[in-house]
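In: Quick one: sequence plus predicted model below, questions after.
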Amino acid sequence: MNKAITIQTKEYSILLGVNAGQVLDTYLETKSYSKLFVLMDENTMEYCYPVLSSDSENLLEAELLVINAGEENKSIEIATQLWESLTEEGADRHSLLINLGGGIISDLGGFVASTFKRGMDFVNIPTTLLSMVDASIGGKTGINLSHFKNQVGLFSTPKQIIIDTQFLDTLPQEQITSAYAEMLKHGLIADKKYWEELSELKQVEPKHLIRHIEKSIQIKKQIVDQDPREKGLRKTLNFGHSIGHAIESFFMESETPLLHGEAIALGMLAETYLSVEILNMPIDQLKKIEQNIRLHYSSKCIVKSQLNEIAKLVFHDKKKEGAQLNFSLLKQIGQCEINIQVTKNQILNSLKYLIHGFSN
Ligand SMILES: NC(=O)c1ccc[n+]([C@@H]2O[C@H](COP(=O)([O-])OP(=O)(O)OC[C@H]3O[C@@H](n4cnc5c(N)ncnc54)[C@H](O)[C@@H]3O)[C@@H](O)[C@H]2O)c1
């Protein structure tokens, strides 16, 4: 990506392909915040803060809030510590929180900022590919409750999102592959041609994916602009997530946790199976999706003894409405339908499909 691009949502702008420090300073010149805070995890403190602060004069005065990396820190305990730190450091409603990190930082930081003193401004500077194409956008903020994902949170939008792809230089490859799953999802639910372009990539490295960031953002933005509170259309973004979140939750406290996108990739495969079973999605499309997912996520799998436990977690998923489970499934690649009822048995079959493929 060579040139800077501005994507305007209904409430804020997303600046893509820019120098984050310079753009942050430009933003801050138009405001008069009482105090600046930067929320980071240990890795973004090490790899991203030096890059950002070397180009931003304003950050010299900022207070730094640093947490440990990892999903387990998207918790009420860490949120409480952050509210306490903000209080001790004299934050008020006219202060700004700058979220410098991946989806954990933007989810947690957005939640902490939006609830502190009934709401202070925040800006997202995503540093993972997943947060650039997905997590930092759309106004969902929140924390996990025990091992249930995103159980407590609120819709609250940042004042600006600043995307500087140089942060990807230090991001481990497994994080890039994880984000690729959410990009594939954007194609699967909304744009067949985009999915084909992505699925033709043999290697998913930043140099191949950076030019696709804008498309993913546009797809997410268009959906969220039309349905910010997830009353209808936005549910299409949940494709792969009903089962994917359950798989992610199941492995969260194990010795081999899955990255968010890795779990979603498995969830998408299981839910594509359901799409064939329930919506008569063409089976050749399932095969193409399966080939792509198994190519990039071959080492990620579940085994028979885990099926019932994962299925139980699907039923506890927050999308459960009354006695029935509603999923977002594919009519075909590029076309997603919402509020599709799925039975317990069908979910179990889709998990079995993940293990065995079509032969069993
Ligand atoms: N709010 C939403 O709409 C939404 C959407 C999708 C996902 N999410 C959430 O996002 C979270 C996952 O986000 P993520 O995948 O970005 O994970 P993450 O925030 O945990 O970041 C992944 C890892 O990369 C490290 N890191 C971040 N940037 C780096 C860089 N530039 N160089 C080196 N290391 C770096 C982090 O320290 C962490 O260890 C999950 O909690 C998920 O639920 C939210």
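Out: Arrived safely, thanks for sending.
In: which parts of the stretch 1-150 of the chain sit against the ligand?
Out: Residues of the stretch 1-150 of the chain found near the ligand (Cβ under 6 Å from any ligand atom) are 41, 43-44, 47-48, 69, 71, 74, 101-105, 107, 127-128, 130-131, 134-135, 138, 140, 149-150. In this view, the C-beta of every residue, glycine as well, is placed from N, C-alpha and C.
In: Which of those are buried, as a PyMOL select command?
Out: Applying 16 or more other Cβ atoms under 10 Å to those, the buried members can be selected in PyMOL as follows:
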select buried, resi 41+43+44+48+69+71+74+101+102+103+104+105+107+127+128+130+131+134+135+138+140+149+150
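In: At the geometric centre of the protein, which residue do we find?
Out: Nearest to the mean C-alpha position of the chain, by Cα atoms, centre = their mean, lies A135 at 3.4 Å.
In: State the pLDDT value of the closest residue to it other than its chain neighbours.
Out: Spatial nearest neighbour of A135, excluding adjacent residues (Cβ to Cβ, 6 or more residues apart in numbering): G103 at 3.0 Å. What the model reports for G103 is a pLDDT of 96.
In: K149 now?
Out: Confidence score, pLDDT, at K149: 82.
In: could we number from 24 for the rest of this?
Out: That works, and once the first residue is 24, the last one we named lands at K172.
In: Output the contacting helices and strands for the lengthiest helix in the chain.
Out: Scanning the chain for the longest helix, with DSSP state H as the assignment, gives helix 283-302. If you count contacts as 3 or more Cβ pairs under 8 Å, 6 or more residues apart in numbering; DSSP states H and E, helix 283-302 packs onto helix 196-213, helix 264-275, helix 306-319, strand 347-355, strand 358-365, helix 367-379.
In: These: which one's closest to the ligand?
Out: The closest of the helices and strands packed on helix 283-302 to the ligand is helix 196-213. By Cβ to the nearest ligand atom, the value is 5.1 Å.
In: which helices and strands does the closest one pack with?
Out: helix 152-153, helix 215-222, helix 229-232, helix 236-249, helix 283-302, helix 306-319, strand 347-355, strand 358-365.
In: on that earlier part again, adding mean pLDDT, write the helices and strands packed on helix 283-302 out as a markdown table.
Out: As requested, the helices and strands packed on helix 283-302 are exported to a markdown table (pLDDT from 0 to 100):
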| stretch | mean pLDDT |
| --- | --- |
| helix 196-213 | 97 |
| helix 264-275 | 90 |
| helix 306-319 | 95 |
| strand 347-355 | 93 |
| strand 358-365 | 97 |
| helix 367-379 | 91 |
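In: Reformat these as CSV; add mean neighbour count.
Out: What follows is those, written out as CSV (neighbours: other Cβ atoms under 10 Å):
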stretch, mean neighbour count
helix 196-213, 24
helix 264-275, 24
helix 306-319, 16
strand 347-355, 20
strand 358-365, 17
helix 367-379, 17
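In: and of those, who's closest to L109?
Out: helix 264-275 (27.2 Å; Cβ to Cβ).
In: How about residues contacting the closest one?
Out: 94-95, 170-172, 280-281, 283, 286-291, 293-294, 325, 329, 332-334, 336-337, 339-340, 342, 348, 350-351, 370, 373-374 (Cβ atoms under 8 Å, 6 or more residues apart in numbering).
In: can that helix be found next to the ligand?
Out: No - Helix 264-275 stays clear of the ligand (Cβ under 6 Å from any ligand atom), getting no nearer than 7.8 Å.
In: list the contacts for V299?
Out: P305, I306, L309.
In: Of those residues, just say which sits nearest to I199.
Out: Distances from I199 to the contacts of V299, taken by Cβ to Cβ, are shortest for L309, at 25.3 Å.
In: Domain ranges for this protein, per the record?
Out: Here the domain parsing of the chain from automatic domain parsing is 28-193, 241-382.
In: and those, which one is worst for confidence?
Out: domain 241-382 (a mean of 90).
In: Figure out how far it is from the centre of its chain.
Out: Mean-position distance between domain 241-382 and its chain equals 15 Å (Cα atoms, centre = their mean, to the nearest Å).
In: Tell me who's in contact with Y56.
Out: Counted by Cβ under 8 Å, 6+ apart, Y56 has contacts H117, S118, L119, D144.
In: By neighbour count, which of these wins?
Out: L119 (23 neighbours; other Cβ atoms under 10 Å).
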